[in-house]
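> please find the sequence and the predicted model below.
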Amino acid sequence: MGVDVPTFSSLLTAGFVQAWYETPIPHEDVSVHRTPRIDKCSLDAAGPLGLVLHYLNSTMHAISLV
């Protein structure tokens, strides 16, 4: 069970990339109203989406993902 490449690509282009690059991750020492510094990101948009999908696929029962 998993996510195929076309589905992963459609998730990225459906708004995840835009949200990842335009929404700053909240930190105590950084204002949430500040413009995100994309050049300082340690992960591109595909990295965290892949991690989330991997976590969901590895921790949930196969029947609950259907």
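Great, that's in hand. Remember, predicted model here, so these are calculated numbers, not experimental data.
> ok, longest helix in the chain?
Identified as the longest helix of the chain according to DSSP state H is helix 46-59.
> just the mean pLDDT for that helix, thanks.
For helix 46-59, the mean pLDDT works out to 84.
> ok, the residue nearest the centre of the chain to V32 distance?
Centroid-nearest residue in the chain: L49, 3.1 Å away (criterion: C-alpha atoms, centre = their mean). Distance of L49 to V32, computed by C-beta to C-beta, to the nearest Å: 21 Å. C-beta: built from backbone N, CA, C; applies to glycine.
> check A45 too.
19 Å.
> quick one: which of the two has more around it?
When neighbours are counted by other C-beta atoms under 10 Å, A45 and V32 differ, and A45 comes out ahead with 18 against 10.
> now do the same contact list for the more buried one.
Residues in contact with A45 (C-beta atoms under 8 Å, 6 or more residues apart in numbering) are L12, F16, V17, W20, Y21.
> relative to T59, how far out is it?
22 Å.
> and if you look at A19?
Taking C-beta to C-beta as the measure, A19 falls 23 Å from T59.
> what about those two, which has more around it?
A19 (10 against 7).
> roughly how far does that one sit from D29?
Taken as C-beta to C-beta, the span from A19 to D29 is 22 Å.
> where along the chain do the helices fall?
Remark: helices assigned in the chain by DSSP H are 5-11, 17-22, 46-59.
> W20: how many residues sit nearby?
W20 has 20 neighbouring residues, counting by other C-beta under 10 Å.
> what does G50 give?
So G50, with other C-beta under 10 Å, has 14 neighbours.
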